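Student: next input, structure requested:
(chains A, B, C and D)
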Number of protein chains: 2
Amino acid sequence: MTRTRTPGDALRVAVSTVIFSLRRGVDGERPRVVLPLVRRTRDPYEGLWALPGGWLDEDENLEEAASRTLAETTTLAPSYLEQLYAFGDVDRSPSRVVSIVYWALVREDVSLGSEQHNVAWFDTENLPALAFDHAHIIDYALWRLRNKVGYSRIAHGLLPEAFTLAELREVYEAILGRRLDPANFRRQVENSDTLIPTDEFRTGSHRPARLYHYNHEVELADRGPLPQRRTAKD
Amino acid sequence: MTRTRTPGDALRVAVSTVIFSLRRGVDGERPRVVLPLVRRTRDPYEGLWALPGGWLDEDENLEEAASRTLAETTTLAPSYLEQLYAFGDVDRSPSRVVSIVYWALVREDVSLGSEQHNVAWFDTENLPALAFDHAHIIDYALWRLRNKVGYSRIAHGLLPEAFTLAELREVYEAILGRRLDPANFRRQVENSDTLIPTDEFRTGSHRPARLYHYNHEVELADRGPLPQRRTAKD
DNA sequence: GCAAAAGTGTTATTATTACACCCATGC
DNA sequence: GCATGGGTGTAATAATAACACTTTTGC
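Tutor: Residues are numbered from 1 along each chain as shown, chains lettered A, B, ... in the order given. Predicted coordinates:
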């Protein structure tokens, strides 16, 4: 009930987004989960890295604010966007800030097109020093991602339109941090009704691998009664 | 970017809580999932029922605000409390309000002690007309509850300290809305390491049923890297 | 004894896992 | 040919589900 600051500064609402994408090494290297961070140029935690985000606009929905954030840092539309959590501890920032955090997936094929000022992509297993409680937030987002990959088709959201089963498996392996049996993996996804085989093959290495499309009639994840908004290519 | 209202009124943060409990009929009736609602006595939606809640205090964490809300309506400490979602659509209220919504479980044995003014308990399958988007919020909370009951021991949070396997099964049945095989249910929970058998029996009807305690060393639900705060009897 | 819930046993079905093996290509 | 990843087959194991059956009480 104590009001010591001026009303306008008392409590502010920010929206941030943990944006996951994939970075493949040059040759046959395994893909890695990466995310973009923004270097802070202002007072609290200046110089440290932080999640992309901004203040919530008065005439803007939460998800719109997250999309805006995402477009400003990656110039992309996400293949998946979901609210992660609202962080609002009194001591998480010098001033009182409630942060509504979203997490998103963007497909790997185009994710490297945006190299803006003070924005860089980091391997999730090798993050720099982070501002505020953002290290904790990213931990939680990674936990959600790993969890969700086990019971939904979320991993498809990181791949381009056409992909091989090995590429899809490598996404699962990068997220889960362990190797999966190729034979069993194949059968699981083939029986899951989420893949549409094409007549094309990825050639170049050894035996050509069949390319698949994602079945867009199946949602990437069940969100229950929450409204499902449009995302890219879905 | 338009700022048409005064700063203090531009955007407010509220915290509401969907509080689930159990109500048993007089005789052998099956238990039902119930929740408390508050009748609105002020301008928007006056007279309609709404979720218990209030404005977020400047020096109060989100979860503390939810606990306060909960204590004010039920005079109880919850056995489980988790953030549900942040609702913040521009048009969800006449003025711009971002609501951080929690959901909670309170044990059935004591939940009916509080009959305050303008507060009443409703069967989740027979709700009255609700203010704002609260009907939608309750839908989502019920979906979460049903979901979580499938992969965690959350249902124990609705029962008193000692209970029979049939009582626990009835909780699952009330939440899931379908009957479960008593034999298979018994084996599942017995193998889950969450129950401690006692030497007491519930007598009165037919063959006496053994009473069990919840094993407090096992968390009701895995919340990942989110900080676990203390709840009642846990 | 009889009804009804407590509690045990058995079997069929399905999903998961491990791993042997064949296939098709680049070199 | 041969190395390598693509792709198929198979068997052991574990989880789920359906249901018959025995036990113990109140009446």
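
Student: can you pull out the strands in chain A?
Tutor: Counting by DSSP state E, the segments of chain A that form strands are A:12-23, A:32-39, A:49-50, A:53-55, A:80-87, A:97-105, A:119-123, A:162-164, A:195-202, A:209-214.

Student: for chain B, what are the nearby residues on chain A?
Tutor: A:1-5, A:7-8, A:10-11, A:13, A:56-62, A:83, A:85-86, A:88-90, A:96, A:98, A:100, A:136, A:139-140, A:143-144, A:147, A:224-226 (Cβ under 8 Å from any Cβ of the partner chain). Heads up, the C-betas are built off the backbone N, CA and C, glycines and all.

Student: for ChimeraX, write a command that selects the buried ones of the residues you listed.
Tutor: Per 16 or more other Cβ atoms under 10 Å in any protein chain shown, the buried members of the residues of chain A next to chain B correspond to this ChimeraX selection:
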select /A:11,13,56,57,60,61,62,83,85,86,88,89,96,98,100,139,140,144
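
Student: spit out the contact partners of A:Gly54.
Tutor: By Cβ atoms under 8 Å, 6 or more residues apart in numbering or on different chains, the residues touching A:Gly54 are A:14-15, A:65, A:68-69, A:72.

Student: give me that answer again for 10 Å
Tutor: A:14-17, A:38, A:60, A:65-66, A:68-69, A:72 (Cβ atoms under 10 Å, 6 or more residues apart in numbering or on different chains).

Student: buried residues, stretch A:118-125. List them.
Tutor: A:119, A:121-122, A:124.

Student: what mean pLDDT does it get?
Tutor: Averaging pLDDT along stretch A:118-125 yields 93.

Student: measure the residue lying closest to A:Tyr140 once chain neighbours are set aside to A:Ala135 for me?
Tutor: The shortest distance from A:Tyr140 to any non-neighbouring residue, by Cβ to Cβ, 6 or more residues apart in numbering or on different chains, is to B:Pro225 (5.0 Å). Note on B:Pro225: its distance to A:Ala135, by Cβ to Cβ, to the nearest Å, is 10 Å.

Student: wait, isn't A:Thr194 in contact with A:Leu159?
Tutor: No - A:Thr194 lies out of contact with A:Leu159 (Cβ atoms under 10 Å); the separation is 12.0 Å.

Student: the two: which is more packed in?
Tutor: Counted by other Cβ atoms under 10 Å in any protein chain shown, A:Thr194 and A:Leu159 do not tie: A:Leu159 has more neighbours, with 22 against 19.

Student: the more buried one and B:Leu35, how far apart?
Tutor: Counting by Cβ to Cβ, the gap from A:Leu159 to B:Leu35 is 42 Å.

Student: contact partners for A:Ala155?
Tutor: Contact analysis of A:Ala155 by Cβ under 10 Å, 6+ apart lists A:22, A:105, A:145, A:148-149, A:168-176, A:189, A:220.

Student: equivalent analysis for A:Glu46, please.
Tutor: A:39-40, A:131.

Student: change it to 6 Å
Tutor: Applying Cβ atoms under 6 Å, 6 or more residues apart in numbering or on different chains, we find A:Glu46 in contact with A:Arg40.

Student: next one: phi and psi at it?
Tutor: When read as degrees, to the nearest 10, the backbone of A:Glu46 gives phi -60, psi 130.

Student: isn't A:Pro44 right up against A:Val97?
Tutor: No - when contacts are counted by Cβ atoms under 6 Å, A:Pro44 is not listed as touching A:Val97 (9.6 Å).

Student: no further questions, thank you.
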